[in-house]
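Enquirer: Quick one, structure for this:
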Amino acid sequence: MCVENTPPPSGRLTRRGVLAGAAALAGTSAVLAQAGSPAAASGGAPEAARGGAGRGGDLVVEGGTLLDPATGEVTEDAVVVITGGVVRAAGSRARLGNRVPSGVPVLRAHGRWVLPGLVDAHIHLNTAAEARDAVRKGATSARSGSTNFFQDIAVRELARQVPEQAPRLRAAGVFVTPDLGDTLLADPELAPLARLRDGVRSPEALRRVVEVNLARGADTVKTRVNERAGLPEQDPLTQVYDHEQLSAIVAAARRGGKGVLCHSYSEKGCHDAVTAG
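Expert: Next up, the predicted model:
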């Protein structure tokens with residue numbers, strides 16, 4: 001993606017350089033996300049946004065300052081070649097030479113940074129607006145931390161259909177937690193759990209929530225070991241599920257070929273989470 005211009009750091013990877021790149025990215029709309037829009041194709045669009053993305057996922061990004069996070073290398077006046085939605089080549093204009101295809105839309109990124117999309121490993125996307133906002137802030141791939149009504153599964157499908165409107169997403173479905181609250185209304189199969197006086201705690205109830213998630217197409221399962229941090233009415237050291245309960249969740253997820261992520265803060269909670277799988 002491309003972001004607004006800031007002075008380039010040195011070619012050596014440093015903490016200052018990484019922070020400079022992050023600062024350049026933060027709060028700036030992605031030019032690539034805008035490239036396919038009608039405004040970007042019009043005469044009134046910024047020069048860096050003209051051209052737009054090709055319908056087949058073909059695009060050449062030229063003239064920007066390219067940051068390679070893997071090596072810390074910074075390349076000015078760089079060229080990135082994308083064909084079929086995949087980056088095929090990236091580097092200096094001189095090095096790429098005749099590897100730049102002709103007849104492909106060009107995104108002019110002079111005065112901007114170009115860097116790989118960011119991965120947000122814990123995000124809650126409940127609306128299309130939140131999904132678009134994540135992309136424009138630089139997150140092109142993400143892992144959901146659950147939603148109340150399986151919105152993240154719909155966002156995942158949105159990303160497949162219109163990738164400029166949502167990040168590629170691993171969906172977690174609904175939260176496996178003792179008190180489901182309104183999430184009981186997310187699927188008729190969850191409604192019987194409303195009869196449970198102690199909430200979702202028994203092995204059978206835990207399996208039910210996991211199985212409903214998997215049936216709805218979740219890519220991973222989200223639960224908790226401890227209460228949430230940052231809320232005055234909750235103590236993040238209080239354990240919500242013990243090792244046996246966590247093991248039941250993990251076993252149900254693994255039967256469907258999925259993994260489990262969870263909130264854990266206390267030493268015992270972290271130990272139980274890891275040893276439960």
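Enquirer: List the buried residues for stretch 225-242?
Expert: Judged by neighbour count using 16 or more other C-beta atoms under 10 Å, the buried positions of stretch 225-242 are 225-227, 236, 239-241. Yep, even glycine has a C-beta here, placed from its N, CA and C like the rest.
Enquirer: swap in stretch 193-208?
Expert: By 16+ other C-beta under 10 Å, the buried positions in stretch 193-208 come out as 193, 200-201, 205-208.
Enquirer: Show the contacting residues for the residue nearest to Ser92 when sequence neighbours are not counted.
Expert: If the residues on either side of it in the chain are set aside, Ser92 comes closest to Thr75, at 5.3 Å by C-beta to C-beta, 6 or more residues apart in numbering. When contacts are counted by C-beta atoms under 8 Å, 6 or more residues apart in numbering, Thr75 touches 65-66, 68, 91-92.
Enquirer: what's across from the nearest residue in space to Val176 that is not next to it in sequence in the sheet?
Expert: Among residues not flanking Val176 along the chain, Thr223 sits closest, at 4.0 Å (C-beta to C-beta, 6+ apart). Thr223 has these beta-bridge partners by DSSP bridges: Val176, Cys262.
Enquirer: the strands in the stretch 101-250 of the chain, which residues?
Expert: 106-108, 113-114, 118-123, 139-144, 168-170, 220-224 (DSSP state E, counting those that start in this stretch).
Enquirer: and of these, who's closest to Thr177?
Expert: Closest of the strands of the stretch 101-250 of the chain to Thr177 is strand 220-224, at 5.7 Å (criterion: C-beta to C-beta).
Enquirer: so what secondary structure elements neighbour that closest one?
Expert: Using 3 or more C-beta pairs under 8 Å, 6 or more residues apart in numbering; DSSP states H and E, the elements in contact with strand 220-224 are strand 139-144, helix 203-215, helix 243-255, strand 259-263.
Enquirer: Include mean pLDDT and distance to Ala129 when you put the ones you listed into CSV, please.
Expert: Shown next, in CSV, are the helices and strands packed on strand 220-224 (pLDDT from 0 to 100; distance: least, C-beta to C-beta, whole Å):
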stretch, mean pLDDT, distance to Ala129
strand 139-144, 96, 14
helix 203-215, 98, 24
helix 243-255, 98, 30
strand 259-263, 95, 25
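Enquirer: I'd like the ones you listed as a markdown table, with distance to Ala159 appended.
Expert: A markdown table is the format used below for the helices and strands packed on strand 220-224 (distance: least, C-beta to C-beta, whole Å):
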| stretch | distance to Ala159 |
| --- | --- |
| strand 139-144 | 9 |
| helix 203-215 | 19 |
| helix 243-255 | 23 |
| strand 259-263 | 20 |
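Enquirer: what about the closest residue to Arg207 other than its chain neighbours, distance to Ser146?
Expert: In this structure, Arg207 finds its nearest non-sequential neighbour in Ala252, 4.5 Å apart by C-beta to C-beta, 6+ apart. According to C-beta to C-beta, to the nearest Å, Ala252 stands 16 Å off from Ser146.
Enquirer: Which one of those two is surrounded by more residues?
Expert: Each of Ala252 and Ser146 has its neighbours counted (other C-beta atoms under 10 Å); Ser146 has more, 25 against 22.
Enquirer: Would you agree that one is in contact with Leu180?
Expert: No: the criterion here is C-beta atoms under 8 Å, and Ser146 misses it with Leu180 at 11.2 Å.
Enquirer: which residues are common contacts for these two?
Expert: Common neighbours of Ser146 and Leu180 (C-beta under 8 Å, 6+ apart) are Val174.
Enquirer: Run through the stretch 151-277 of the chain and note the low-pLDDT ranges.
Expert: Within the stretch 151-277 of the chain, no stretch has pLDDT under 70.
Enquirer: redo that, cut-off 90
Expert: Flagging of the stretch 151-277 of the chain using pLDDT under 90 yields the residue ranges 163-164.
Enquirer: Kindly list the main-chain dihedrals of Pro116?
Expert: Dihedral angles of Pro116 (phi, psi; degrees, to the nearest 10) stand at phi -60, psi 150.
Enquirer: Which pLDDT value goes with the closest residue to it other than its chain neighbours?
Expert: Using C-beta to C-beta, 6+ apart and skipping the chain neighbours, the partner closest in space to Pro116 is Pro69 (6.6 Å). Listed pLDDT for Pro69 reads 84.
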